[in-house]
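Undergrad: Pasting the sequence and the predicted model now:
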Amino acid sequence: MITRRLQQPVLLLAWLVVLVVIGWAVAPQLFTSYSPYAGDTAASFAPPSAEHWFGTDRLGRDLFARSVYGAHTTLTATLLAVVIAFGIGTAVGLIAGFSGGIADTAIMRVVDVFLAIPSLLLAMVVVSVLGYSTNNIALAVGVSSIASFARVMRAQVLSVVHQDYVRAAYGLGVGRIGVMLRHVVPNSLSSVVALAALEVGTAVLAVASLGFLGYGAPPPQPEWGLLVAEGRDYVAVHPWASILPGVALAVVVIATHRISTSFRKEHSR
Amino acid sequence: MLRYVALKTGRAAFVVWAAFTLTFVLLFVLPANPVDLLFDPTELNTVPPEVREQVADNYGFNKPVLLQYADRLGHALTGDFGSSVQSGRPVASAILDVLPETLLLSAGALVLAVLAAVGIALVATSTRRAWVRNVVEALPSGAVSVPVFLSGILILQVFSFKLGWFPAFGDDGPRSIVLPLITLAIPVAGPIAQLLVRSFATEFHSGYVTTSWAKGATRGGIILRDVLRNASLPALTIAGITFGNLIAGSVITETVFARKGIGRLTQNAINTLDVPLVQGIVVFVAVSFALINLFVDLIYPLLDPRMRAVVEAQK
């Protein structure tokens, strides 16, 4: 199965992109010799060249280096957001689906409310209350995606709890908690994991969008959305300064979507 | 049927009430000192204590939380969300002022997005070449992967700065809305197209299509007469997601193109921590979302006889 997967060149490329970007986030100094902060003002707005792959910005800082170091900021926030959404959302969905009755109804009505507010708007409100920082962006994006995880998990749990093996476990005298942890959770998780894979791409976009709007890391720090925003003022004369970091971001999101699609196909097979 | 309508209406009302309560907790209860939020953060230290005291009094922050809540809820029911901190204007009129701009932008983008999505689904279903289908089917996931701010900047760069076909910024004249429309339509079209491509494929292989083949219908005839009608209806089920995409997209689009509208208003309100305005916008969005979903829930059984049977059976 693995070998067949690797035969798909597009999927292979997608994995390669994701691995390289994770490399950027973990060990940026291996991928660029330039500093993301120190620039040569004499060489400001240099166009892309062999020396500066993405060109330089207003302060002559190498934009490729800033994109590489920016991966750390953006991906850490993304990871945190997905962990929050996955952890809390799955727990909430599990409790709702497993306990049923009034608890289920109450929880799902609350989930409805979170689904009624577009997640970018909700994230903006949360960030405005918590204060502007990358960690708060991560928290905001995570909180605004809890509802969709809860809904998917609940649906899965509901389809599992009436299966014969769950009834058999009860029949054998296993307690409710035991049944939940040993039978319901493992059998419900697969589609939530597929959703988490999809959510990685969505969360990268949300984190970068909030960064673009200026709610994230303060300016000297490199962050993908902020890089695009910084270059945006000069887009008429120096288009690469915002477009190349943005394209790098888009390529990463496309790659994660491609990978999550392959998860989903495997899941439905 | 009446019970179904009452149930759905009740849920919509609950969502709106809960959105109000949620924003009240987030914006008025959770912040350690909500009065601070009412001032410009850079000027906060220069505000004399007596002024703060007076402002707290005006906004009712000295009253018990439950009383504040009841007060705000009572006013909100009459459409009064207080006054914007920045401009001093009533929140409702600040929202209604810029609403037409955003309505025009989103309605136009929605039409464009639906046309593009139907086009993609038609091509993907009707083509006999596998590579054309693969390319066309990759478009929707590309559309949702490219950040709106990037597509906006790219479109701006090419059609405004390079080719000079359209003005780059501002909101005067019909030409200035073309680029924002395209920018906003891209992320909205993505999910609709994904859904349509799937449901077109399912319907194309269903029994009634086989019957049509057997009766000698042509490929184009089947797709236009049978498949298009049956496969388009499910698109209504993602009306809520589409609405969310339109709102989120318009925040970014209006920022990139410097246009007036709800999105820009939201961003400004958040930037200046204009608490009453933020609450007003969130509740307004929740009301719109609830109304759209209610409308879809009520109209779907009328359009799809199978759903009508389900609703009747629930009695």
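TA: Nice, thanks for sending it over. Residues are numbered from 1 along each chain as shown, chains lettered A, B, ... in the order given.
Undergrad: Report the buried residues of the helix or strand where residue A:178 lies.
TA: Residue A:178 belongs to helix A:176-179 when elements are defined using DSSP states H and E. In terms of neighbour count (16 or more other Cβ atoms under 10 Å in any protein chain shown), helix A:176-179 has its buried residues at residue A:179. (C-beta placed from N, C-alpha, C; glycine too.)
Undergrad: what does stretch A:14-32 give?
TA: Applying 16+ other Cβ under 10 Å to stretch A:14-32 flags A:14-15, A:17-18, A:21, A:24-25, A:28, A:31-32 as buried.
Undergrad: What of stretch B:261-272?
TA: Applying a neighbour-count criterion of 16+ other Cβ under 10 Å, one finds B:261-270, B:272 buried in stretch B:261-272.
Undergrad: host element of residue 137?
TA: Here I'm looking at chain A. Element membership of residue A:137 [criterion: DSSP H and E] is helix A:134-161.
Undergrad: Let me rephrase: I mean chain B.
TA: Here residue B:137 sits within helix B:130-145, counting by DSSP H and E.
Undergrad: So that helix, near chain A or not?
TA: Yes. Against chain A, helix B:130-145 shows contacts by Cβ under 8 Å from any Cβ of the partner chain at B:141-142, B:144-145.
Undergrad: Quick check: which helices or strands does that helix pack against?
TA: Helices and strands touching helix B:130-145, by 3 or more Cβ pairs under 8 Å, 6 or more residues apart in numbering or on different chains; DSSP states H and E, are helix A:240-268, helix B:91-126, helix B:178-204.
Undergrad: Residue A:97 - how many residues pack around it?
TA: Residue A:97 has 25 neighbours, counted by other Cβ atoms under 10 Å in any protein chain shown.
Undergrad: so when I look at it, I'm seeing a strand, right?
TA: No. Assigned with DSSP: H, G, I helix; E, B strand; the rest coil, residue A:97 falls outside any strand and is helix.
Undergrad: Surely it touches residue A:162?
TA: No. Look at residue A:97 against residue A:162 with Cβ atoms under 8 Å: they stay out of range, at 11.0 Å.
Undergrad: where does the stretch 101-250 of chain A come near chain B, residue by residue?
TA: For the stretch 101-250 of chain A, the residues in contact with chain B (Cβ under 8 Å from any Cβ) are A:109-110, A:112-113, A:115-122, A:124-129, A:201, A:205, A:208-209, A:212-215, A:225, A:228-229, A:232, A:235-236, A:239, A:242-243, A:246-247, A:249-250.
Undergrad: hmm, which of those are the buried ones?
TA: The neighbour count (16+ other Cβ under 10 Å) marks A:110, A:112-113, A:115-122, A:124-129, A:201, A:205, A:208-209, A:212-215, A:225, A:228-229, A:232, A:235, A:239, A:242-243, A:246-247, A:249-250 as buried among those.
Undergrad: Now residue B:221. Its backbone dihedrals?
TA: phi -60, psi -40 (degrees, to the nearest 10).
Undergrad: Could you do residue A:62 as well?
TA: In this entry, residue A:62 is assigned phi and psi values of phi -70, psi 120 (degrees, to the nearest 10).
Undergrad: which secondary element of chain B has the worst mean pLDDT?
TA: When the helices and strands of chain B are scored by mean pLDDT, DSSP states H and E, helix B:34-37 comes last with a mean of 64.
Undergrad: CA atoms only for the helix or strand just after that helix, dumped as PDB, please.
TA: Sequence order places helix B:49-59 as the next helix or strand after helix B:34-37, per DSSP H and E. Output in PDB follows, covering the C-alpha atoms of helix B:49-59 (Å, rounded to 0.1, in the frame of the first residue of the first chain):
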ATOM      1  CA  PRO B  49      -9.200  58.200  37.100                       C
ATOM      2  CA  GLU B  50     -12.300  60.400  37.400                       C
ATOM      3  CA  VAL B  51     -12.900  60.100  33.600                       C
ATOM      4  CA  ARG B  52     -12.500  56.300  33.800                       C
ATOM      5  CA  GLU B  53     -15.000  56.300  36.700                       C
ATOM      6  CA  GLN B  54     -17.500  58.300  34.700                       C
ATOM      7  CA  VAL B  55     -17.100  56.100  31.600                       C
ATOM      8  CA  ALA B  56     -17.600  53.000  33.700                       C
ATOM      9  CA  ASP B  57     -20.700  54.600  35.100                       C
ATOM     10  CA  ASN B  58     -22.000  55.500  31.600                       C
ATOM     11  CA  TYR B  59     -21.500  51.900  30.400                       C
END
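Undergrad: Counting by contacts, list what the helix or strand that contains residue B:10 packs against.
TA: Residue B:10 belongs to helix B:2-24 when assigned by DSSP H and E. The elements that helix B:2-24 packs onto, with contact taken as 3+ Cβ pairs under 8 Å, 6+ apart, are helix A:101-116, helix B:65-77, helix B:275-303.
Undergrad: Least confident of those helices, on average?
TA: If you rank the helices and strands packed on helix B:2-24 by mean pLDDT, helix B:65-77 sits at the bottom with a mean of 77.
Undergrad: Return the angle between stretch directions for that helix and helix B:275-303.
TA: For helix B:65-77 against helix B:275-303, the angle by axes from the mean of the first three to the mean of the last three Cα atoms, to 10 degrees is 60 degrees.
Undergrad: what bits of the stretch 101-250 of chain B have low per-residue confidence?
TA: For the stretch 101-250 of chain B, the stretches flagged by pLDDT under 70 are B:170-172.
Undergrad: and it, which residues reach chain A?
TA: Within the stretch 101-250 of chain B, the positions adjacent to chain A are B:141-142, B:144-150, B:153-154, B:156-157, B:161, B:168, B:240, B:243-245, B:247-248 by Cβ under 8 Å from any Cβ.
Undergrad: Which ones among the residues you listed lie within helices?
TA: Per DSSP state H, helices hold the following members of those: B:141-142, B:144-145, B:148-150, B:153-154, B:240, B:243-245, B:247-248.
Undergrad: what about burial for these, which qualify?
TA: Neighbour counting with 16+ other Cβ under 10 Å marks B:141, B:144-145, B:148-150, B:153-154, B:240, B:243-245, B:247-248 as buried within these.
Undergrad: Point out where the stretch 151-269 of chain A drops to low pLDDT.
TA: A:265-269.
Undergrad: and with 80 instead?
TA: Low-confidence segments of the stretch 151-269 of chain A (pLDDT under 80): A:173, A:175-176, A:183, A:191, A:194, A:216-221, A:225, A:227-228, A:230-242, A:261-269.
Undergrad: Name the residue of it that lies nearest to chain B.
TA: When scored by Cβ to the nearest Cβ, the stretch 151-269 of chain A has residue A:246 as its residue closest to chain B, at 3.7 Å.
Undergrad: and the nearest residue to that residue once chain neighbours are set aside, what does it touch?
TA: Spatially, and ignoring its direct neighbours in sequence, residue A:246 is nearest to residue B:150 (3.7 Å; Cβ to Cβ, 6 or more residues apart in numbering or on different chains). With contacts defined as Cβ atoms under 8 Å, 6 or more residues apart in numbering or on different chains, residue B:150 is in contact with A:228, A:243, A:246-247, A:249-250.
Undergrad: got it, and residue B:188?
TA: The contact partners of residue B:188, by Cβ under 8 Å, 6+ apart, come to B:109-110, B:113, B:242, B:245-246, B:249.
Undergrad: Residue B:88: what secondary structure?
TA: Under three-state DSSP, residue B:88 falls in the coil class.
Undergrad: Would you report the backbone torsion angles of it?
TA: Per-residue torsions, residue B:88: phi 80, psi 0 (degrees, to the nearest 10).
Undergrad: Any idea how many residues pack against it?
TA: Number of residues near residue B:88 (other Cβ under 10 Å) recorded here: 8.
Undergrad: got it, and residue A:133?
TA: Neighbours around residue A:133, by other Cβ under 10 Å: 15.
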